[in-house]
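[1] predicted model and sequence below, questions to follow.
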Amino acid sequence: MFSVIWNACKNLCNRVKEAIKKITKPTTASLVAGAVTDIARNRKELVVENSILRQQLIILKRQVKQPKFTEGDRLKLIFLCRLTQFWDKALLLVQPQTLLRWHRELFRHYWKHVSKPKQRKPRIPQAIIDLIKEMAENNRLWGAEKIQGELLKLGISLSKRTIQKHMKVRKQSNQNWATFLKNHAEVIWACDFTVVHTLLFKPLYVLVFMQHKTRKVVHTAVTTNPTDEWTAQQLKEATPWDKRPKYLIHDNDSKFGKKFSAVAESSGIEELRTPFQAPKANATCERLIGTMKRECLDYFLIFNQPQLKRIVSNFADYYNQHRAHQGIEQRIPGQFSEPRLPLSNQVKGKVIATPFLNGLHHSYTYALS
């Protein structure tokens, strides 16, 4: 009976020791618990353990990126480094200058909290904030000082900084390229070239003119030798009588040379050459050419120039008169100004499909009764 009790007590003591050892293990113990446990340990064990930990930190520093420190980690390191004069030798994961910077940041936060006013000044009424936003929205050329003057006329005195705080931040006061295109879309055309290779790898060049506002294809042409003279002739054919834009966007290709510029100048057209390495400057025409390739040219084997000219002409007709365009709210470019049919959830008659481009696309309309 005595041996059974003795074995039970011995097992209990071993369990308690294992539990204490597990709790005070350096990898799992907290900072305070570990420090209290180290007081009872002899110097030899501490030196060996510090050597083991230091070697692991050296490996960690050499092989992986530095881990992120939380605010609590920074405070603990700052406090511990104040307790020894050899603190710069004990730092392995951070530089001593980094610890000093943390210390200065801690002082800045402290003095900022101390110097913070106890009583907060009353905020300006919401009605004045709404008035500032309305003035800034309706007068895009105005700055904070101009709005400040208008508010003074109403008997409202605010600082420039307060007004800037409630204004919407604008990147720049001048109009950018997108704003110019939007404001002058009705009088802007764009043109560009694309290359199509025949079955025998002969290059054919397709020139496209389009209008920005309606996305309508104004003129198309195909050639094997796109010279300056040929491009100038195509501009003449695209602008008969009074049908001409105010601005024409194109790139700096040599195909748009002196003769092309002379025709544009004589017609009263101002050329807008896009900057180098700026594909978005003529993005509307680029998208049109991409659509023509994805929805038409990629599905045909081109044998010669007359075939390509016929396909491009048929696509332009389908694009202008039958294809709904997402950029103009699903309207048809050739019927841009015409009213839509009354909307309904029911079919009002027999629907017929008209094939285009050898059945590659279809247009759906009501049959005539």
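    Happy to help now that I have it. Numbering: from 1, shown residues only.
[2] report the central residue of this protein.
    K280 (13.9 Å; CA atoms, centre = their mean).
[3] and that one, how far from T354?
    Going from K280 to T354 by CB to CB, to the nearest Å gives 35 Å. Placement of C-beta: from N, CA and C, glycine included.
[4] then K258?
    From K258 to T354 the distance is 45 Å (CB to CB).
[5] please apply the same query to E71.
    Taking CB to CB, one finds E71 at 70 Å from T354.
[6] for A278, same thing?
    Look at A278 and T354: by CB to CB, they are 40 Å apart.
[7] in the chain, which spans are strands?
    For the chain, the strands defined by DSSP state E occupy 188-197, 203-211, 217-223, 247-250, 270-273, 351-356, 361-366.
[8] residues in contact with the closest residue to I269 other than its chain neighbours?
    Distances taken as CB to CB, 6 or more residues apart in numbering place L248 nearest to I269, at 5.1 Å, with adjacent residues excluded. When contacts are counted by CB atoms under 8 Å, 6 or more residues apart in numbering, L248 touches I188, W189, A190, C191, A264, I269, E270, E271, L272.
[9] for the fourth one, which non-adjacent residue is spatially closest?
    Counting by CB to CB, 6+ apart, the nearest residue to C191 once its immediate chain neighbours are dropped is F209, at 4.7 Å.
[10] give me the neighbour count for that neighbour.
    Neighbour count of F209, defined by other CB atoms under 10 Å: 24.
[11] beta partners of it?
    Here F209 sits in beta bridges with C191, H219, going by DSSP bridges.
[12] in the stretch 151-300 of the chain, what spans have low per-residue confidence?
    Scanning the stretch 151-300 of the chain for pLDDT under 70 picks out 169-175.
[13] go again using 90 as the cut-off
    Applying pLDDT under 90 to the stretch 151-300 of the chain flags the ranges 151-180, 182-183, 240-243, 276-280.
[14] which residue ranges form the helices in it?
    Assigned by DSSP state H, counting those that start in this stretch, the stretch 151-300 of the chain shows helices spanning 160-166, 177-183, 228-238, 258-266, 283-295.
[15] let me have those in JSON lines, adding mean neighbour count as columns.
    Output for the helices of the stretch 151-300 of the chain, formatted as JSON lines (neighbours: other CB atoms under 10 Å):
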{"stretch": "helix 160-166", "mean neighbour count": "15"}
{"stretch": "helix 177-183", "mean neighbour count": "13"}
{"stretch": "helix 228-238", "mean neighbour count": "17"}
{"stretch": "helix 258-266", "mean neighbour count": "15"}
{"stretch": "helix 283-295", "mean neighbour count": "17"}
